[in-house]
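Peer 1: Below is the structure, and that's it, no one-letter string:
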């Protein structure tokens with residue numbers, strides 16, 4: 001990357017972020033975009049090249065949770081340390097969009113996978129690992145992110161029943177573009193070009209081994225991302241990308257390749273659920289009973305569509321499962337909010353010294 005010839009305008013800086021940064025500009029801060037994060041150290045793209053940054057002490061003190069810290073794709077206000085090519089992050093600008101999931105494990109915390117993205121390429125491989133239920137989960141979180149999802153089906157050259165697979169995916173896509181490609185045969189990739197405009201940010205999301213790194217290398221024009229074959233034993237992918245990172249493509253679009261996700265737990269996705277399951281929710285409005293659970297009630301419009309073959313039973317079961325997961329998450333978040341409030345007051349109280357009499 002030719003840092004000396006590039007400016008922040010090449011990295012997706014627009015009027016939204018310019019307005020948000022105006023208050024910091026008067027105080028002689030510098031604007032930058034987080035290109036990589038590793039253990040609270042950040043590589044940041046700026047007008048003065050790439051800098052290695054860390055957050056200020058005040059930033060750490062004020063941060064109440066994990067999502068308050070910078071994520072890959074964030075725009076940040078920094079102060080440069082003269083002559084060191086290093087800087088200190090003092091603030092994260094408001095996010096235009098963010099793809100989040102619940103952190104893996106027992107903790108109820110938000111993990112921001114990527115911020116300020118315009119389009120999400122949901123990458124799935126057209127092999128035995130194609131999973132509609134997992135795709136529904138990705139779509140749900142994509143709609144919630146504020147970015148526009150596009151389903152990218154890779155390895156079309158290895159698929160013998162392409163039309164059938166496309167029909168299956170389109171049955172859950174709900175108006176989302178579905179594009180099948182083959183990097184090996186260089187087919188279908190031109191259909192991605194309209195989303196790869198200069199200054200636009202695209203995140204590649206999907207499981208391991210589905211072809212994200214192969215696609216990245218093709219778009220980049222070089223073997224930058226390590227690629228491994230899928231395991232023949234179970235058709236599953238191996239993890240190749242180990243971290244999230246901004247990559248500037250030759251045509252000017254910004255790409256975020258992400259590690260394959262073993263676990264994709266929901267995070268605040270109620271509106272995304274409506275977008276992902278519009279067929280079921282629209283049909284539910286025609287049920288005889290307003291509180292219909294679509295189980296065995298008479299006059300259930302959803303069950304009627306299942307009998308007609310318009311909606312699969314598996315899709316309804318997936319919808320119900322995600323509803324329960326969101327309800328459970330809401331209860332956990334309420335408890336977490338109460339705990340965070342207690343911690344906040346404890347921190348404030350610790351900083352207040354008693355007056356001497």
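Peer 2: The structure has been received and is ready for your questions. Note that this is a predicted model, so its numbers are computed, not measured.
Peer 1: in which helix or strand would I find the residue nearest to the spatial centre of the chain?
Peer 2: The chain has residue 99 as the residue nearest its centroid, 2.9 Å off, counting by CA atoms, centre = their mean. If you go by DSSP states H and E, residue 99 is part of strand 98-102.
Peer 1: And residue 22, by the same measure?
Peer 2: In this assignment (DSSP H and E), residue 22 forms part of helix 15-25.
Peer 1: List the buried residues for the following helix or strand past that helix?
Peer 2: From helix 15-25 onward toward the C-terminus, using DSSP H and E, the following helix or strand is strand 30-38. Buried residues in strand 30-38, counted by 16 or more other CB atoms under 10 Å: 30-37. Where C-beta positions appear, they are placed from N, C-alpha and C, glycine not excepted.
Peer 1: Switch those residues over to JSON lines; also include distance to residue 309 and pLDDT.
Peer 2: Formatted as JSON lines, the buried residues of strand 30-38 follow (distance: CB to CB, whole Å; pLDDT from 0 to 100):
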{"residue": "30", "distance to residue 309": "59", "pLDDT": "94"}
{"residue": "31", "distance to residue 309": "54", "pLDDT": "96"}
{"residue": "32", "distance to residue 309": "53", "pLDDT": "96"}
{"residue": "33", "distance to residue 309": "48", "pLDDT": "97"}
{"residue": "34", "distance to residue 309": "48", "pLDDT": "96"}
{"residue": "35", "distance to residue 309": "48", "pLDDT": "95"}
{"residue": "36", "distance to residue 309": "48", "pLDDT": "93"}
{"residue": "37", "distance to residue 309": "47", "pLDDT": "90"}
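Peer 1: Which residue ranges of this protein form strands?
Peer 2: Counting by DSSP state E, the segments of the chain that form strands are 30-38, 41-46, 49-55, 75-81, 86-92, 98-102, 110-115, 119-125, 148-154, 178-180, 201-205, 245-248, 254-257.
Peer 1: And the average pLDDT for the last one is what?
Peer 2: Translated: strand 254-257. Averaging pLDDT along strand 254-257 gives 90.
Peer 1: and that strand, what other elements does it pack with?
Peer 2: strand 201-205, helix 212-220, strand 245-248 (3 or more CB pairs under 8 Å, 6 or more residues apart in numbering; DSSP states H and E).
Peer 1: Need the ones you listed in JSON lines (columns: mean neighbour count).
Peer 2: Converted to JSON lines, these look like this (neighbours: other CB atoms under 10 Å):
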{"stretch": "strand 201-205", "mean neighbour count": "26"}
{"stretch": "helix 212-220", "mean neighbour count": "21"}
{"stretch": "strand 245-248", "mean neighbour count": "20"}
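Peer 1: Thank you kindly, that will do.
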